[in-house]
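A.B. asks: Any chance you could fold what I've pasted below:
(chains A and B)
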There are 2 protein chains.
Amino acid sequence: MGAGTLTIDLDAIVANWAALDAIAGAGVETSAVIKANAYGLGVDVVAPKLAAAGVQTFFVATAEEGLRLRSFVGDADIFVFSGHMAGDTDMLTQAKLIPMLNAPEQVTRHFSAAQGHPFGIQLDTGMNRLGIEFGDWHALSSELMAAGPRLVISHLACADEPDHPMNERQLRTFHEMTDGIASRRSLAATGGTLLGSEYHFELVRPGIGLYGGLPFAEATPVVRLDIPVIQTRIVQPFETVGYGNTWEAQVESCIATISAGYADGLIRAMGENAKVYAGEIACPVVGRVSMDLITVDVSHLEAVPDTLCLIGPHQCIDDIAQAAGTIGYEILTSLGDRYHRRAT
Amino acid sequence: MGAGTLTIDLDAIVANWAALDAIAGAGVETSAVIKANAYGLGVDVVAPKLAAAGVQTFFVATAEEGLRLRSFVGDADIFVFSGHMAGDTDMLTQAKLIPMLNAPEQVTRHFSAAQGHPFGIQLDTGMNRLGIEFGDWHALSSELMAAGPRLVISHLACADEPDHPMNERQLRTFHEMTDGIASRRSLAATGGTLLGSEYHFELVRPGIGLYGGLPFAEATPVVRLDIPVIQTRIVQPFETVGYGNTWEAQVESCIATISAGYADGLIRAMGENAKVYAGEIACPVVGRVSMDLITVDVSHLEAVPDTLCLIGPHQCIDDIAQAAGTIGYEILTSLGDRYHRRAT
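C.D. replies: Below is the predicted model of the structure:
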């Protein structure tokens, strides 16, 4: 039992979806973004649960992900953000995936290789990352709209910052590019869903909010991570702990070594900014995070429990993200393969 | 084909093992540390190759890893660094794993639950992370040595820094604790192997050096990572790229969007410190690394290739590590599941 236990609360994911669906309101479909193996939590457990809860539309990053997702969601719609890339055609047709065409070359490829196969369109409204540009759209829109896209979307670059002027600018551009077209439209991921109804159009597509992360501050937490203690030891003043001798005891201290490290996705950069919990009590990480092990100061505990909790009621994924200088999204997608995963 | 291609050169791993074995010299066994799924590269492909090349002893982090490894290495010795933890007994006996006992509680557990089953001993010589303490060893060594451990080891905290005084201090302590015992001994991982023959004892146990990383500067590179280009676009001066509008074009620029991101283990912190290669030509990452996508300035290329290379002949795992503010070890163990993995 050197492996930690990662507990994934599927009911919490459904509750988050329902809460975002309520915010989206009547007449707006709430889909689910389930790319990156459901943000690291396991598409095999998350997707069937969401499908059973009534989600009818899913989004993945690549055709490969869509192919894997198909067996878990019956005949739901699966849209592929990376669109129709070279080599994708067989996967798209076999698994009935809907590519979001992102560029003129993808339009050409799709219409020549998969004529009649459903497609969607992703437009660029200023993020300059993925999507058809204003000028290309002007040239292509008649042909594309005549073929009847299943959905026309764009993506916000700054939706996690509600007051950022980029949000209104992209909303305005999306209207300029799409007002009057005969297609359903979507602009909002989790952040956009929270910006207000003018961002919702006919479909919202939350990802991170389903999995309990910011910017959906009211989300129900989804993940809990408990890590076994391998051993404890007493260190004397001036003794050091871990690689590079970076931590030195100032007083006699009790150090617990727990069985997880950066190979389990516990980002090395968190280092001594992180803490773990024994019940209600925080215990600081000391020394460097190593590949399979983390050392923790447990001097103030009356008794050292069998496991210490890194993600749980007292510390969420965004707290860990702050310790590691990143965002909750990366904490989730980094969670590794060695844990005992329990979906409840 | 939204997925990148991760190419793992198994012959290079064998060459690195042979090179370290030559450094270890005659009379010293060179084992292989293959924990964390062979440092992220796949124990299913790496382990059989090393076993076929003559490696007779492997090290893993946990009993769960040992259980999985057993089917790939015949009857080779498999040592478990985390020792004999609660719940491990069945795995240890079933897969004939040898736990490195780390603490008096583990000694008690092993002798009561698996009497007669082989074991090793890990001693703490100052890293204060894993291993039996000086005082406990004094009390337990007669009993433990009478039972005939298969190996007695310790681990160096600062071996990546050859001039660090901690190395000699730990070597001295290891001698004090073990001189005269009737057991094979091991102190050196990759860094220790390079410190000189006085660190070798009867067995060295390289990990990172096998996989092409520092501190084994002469290692043959093992990994290559090629990422498909989804689309390119021209951006005008003052246009921004990516989340948070962090990058702004100063001149008209051509931006390529490639299909991999932090969900593929391309650590978000690398951001604009990173670059990718088109053949010989470096192309800087611009804007933030997102979950599935990275944006790159390719303005200076005559033609944009179908893929860009993140890890390859012009940029090794330690270069990427420097960009991300971490170490090559974490770059390897973070490599994700969405790549097409080709072991050659």
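A.B. asks: Run through the residues that contact A:Leu203.
C.D. replies: A:28-31, A:57, A:151, A:184-186 (CB atoms under 8 Å, 6 or more residues apart in numbering or on different chains). C-betas here are computed from N, CA, C, even on glycine.
A.B. asks: can you do 10 Å?
C.D. replies: By CB atoms under 10 Å, 6 or more residues apart in numbering or on different chains, A:Leu203 lies in contact with A:24, A:28-31, A:57, A:79, A:151, A:153, A:184-188.
A.B. asks: So which residues of chain A form helices?
C.D. replies: When assigned using DSSP state H, the helices of chain A occupy the ranges A:10-24, A:35-39, A:43-52, A:63-70, A:89-94, A:104-113, A:134-146, A:165-178, A:190-195, A:317-324, A:328-334.
A.B. asks: Could you confirm whether the shortest one reaches chain B?
C.D. replies: Put plainly, it is helix A:35-39. Yes. Applying CB under 10 Å from any CB of the partner chain, one finds helix A:35-39 touching chain B at A:35-37, A:39.
A.B. asks: now do the longest one
C.D. replies: No. Shown here: helix A:10-24 not in contact with chain B (CB under 10 Å from any CB), separated by at least 17.5 Å.
A.B. asks: What is that helix packed up against?
C.D. replies: strand A:29-30, strand A:32-33, helix A:43-52, helix A:190-195, strand A:203-204 (3 or more CB pairs under 10 Å, 6 or more residues apart in numbering or on different chains; DSSP states H and E).
A.B. asks: Just send these back as CSV, with mean pLDDT too.
C.D. replies: Shown next, in CSV, are the helices and strands packed on helix A:10-24 (pLDDT from 0 to 100):
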stretch, mean pLDDT
strand A:29-30, 98
strand A:32-33, 98
helix A:43-52, 98
helix A:190-195, 98
strand A:203-204, 98
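A.B. asks: Which one of the ones you listed lies nearest to A:Ile8?
C.D. replies: Closest of the helices and strands packed on helix A:10-24 to A:Ile8 is helix A:43-52, at 6.7 Å (criterion: CB to CB).
A.B. asks: The residue nearest to A:Ala282 when sequence neighbours are not counted pairs with what?
C.D. replies: Nearest residue to A:Ala282, sequence neighbours excluded (CB to CB, 6 or more residues apart in numbering or on different chains): A:Lys275, at 4.6 Å. Judged by DSSP bridges, the bridge partners of A:Lys275 are A:Pro284.
A.B. asks: quick one: contacts for A:Lys275?
C.D. replies: A:281-285, A:296-297, A:308, A:310, A:314-315, A:319-320, A:323.
A.B. asks: Try it again at 8 Å.
C.D. replies: By CB under 8 Å, 6+ apart, the neighbours of A:Lys275 are A:282-285, A:296, A:315, A:323.
A.B. asks: Can you check those and name whichever has the most neighbours?
C.D. replies: A:Val296 (27 neighbours; other CB atoms under 10 Å in any protein chain shown).
A.B. asks: Next one: that one from chain B, what distance?
C.D. replies: 11 Å (CB to the nearest CB, to the nearest Å).
A.B. asks: Quick check, that residue in contact with A:Ser253.
C.D. replies: No. A:Val296 is beyond contact range of A:Ser253, at 10.4 Å (criterion: CB atoms under 8 Å).
A.B. asks: so what sits against both of those two?
C.D. replies: With CB under 8 Å, 6+ apart, A:Val296 and A:Ser253 have no common neighbours.
A.B. asks: can you pull the contacts of the nearest residue to A:Val229 once chain neighbours are set aside?
C.D. replies: In space, and not counting its chain neighbours, A:Val229 is closest to A:Ala256: 5.0 Å by CB to CB, 6+ apart. Neighbouring residues of A:Ala256 by CB under 8 Å, 6+ apart: A:229, A:231-232, A:283, A:295-296, A:298, A:304, A:308.
A.B. asks: what does the stretch 51-200 of chain A have sitting close to chain B?
C.D. replies: A:61-65, A:80-83, A:85-88, A:102-103, A:105-106, A:124, A:126-130, A:133, A:157-158, A:160-161, A:164, A:166 (CB under 8 Å from any CB of the partner chain).
A.B. asks: change it to 6 Å
C.D. replies: Within the stretch 51-200 of chain A, the positions lying close to chain B (CB under 6 Å from any CB of the partner chain) are A:61-62, A:64, A:82, A:85-87, A:102-103, A:128-130, A:133, A:157, A:166.
A.B. asks: ok, back up a step: to B:Ala113, which of the helices and strands packed on helix A:10-24 lies closest?
C.D. replies: Per CB to CB, nearest to B:Ala113 of the helices and strands packed on helix A:10-24: helix A:43-52, 32.9 Å.
A.B. asks: contacting residues around the closest one?
C.D. replies: The contact list for helix A:43-52, computed with CB atoms under 6 Å, 6 or more residues apart in numbering or on different chains, reads A:10, A:32, A:34, A:37-38, A:69, A:72-73, A:76, A:343.
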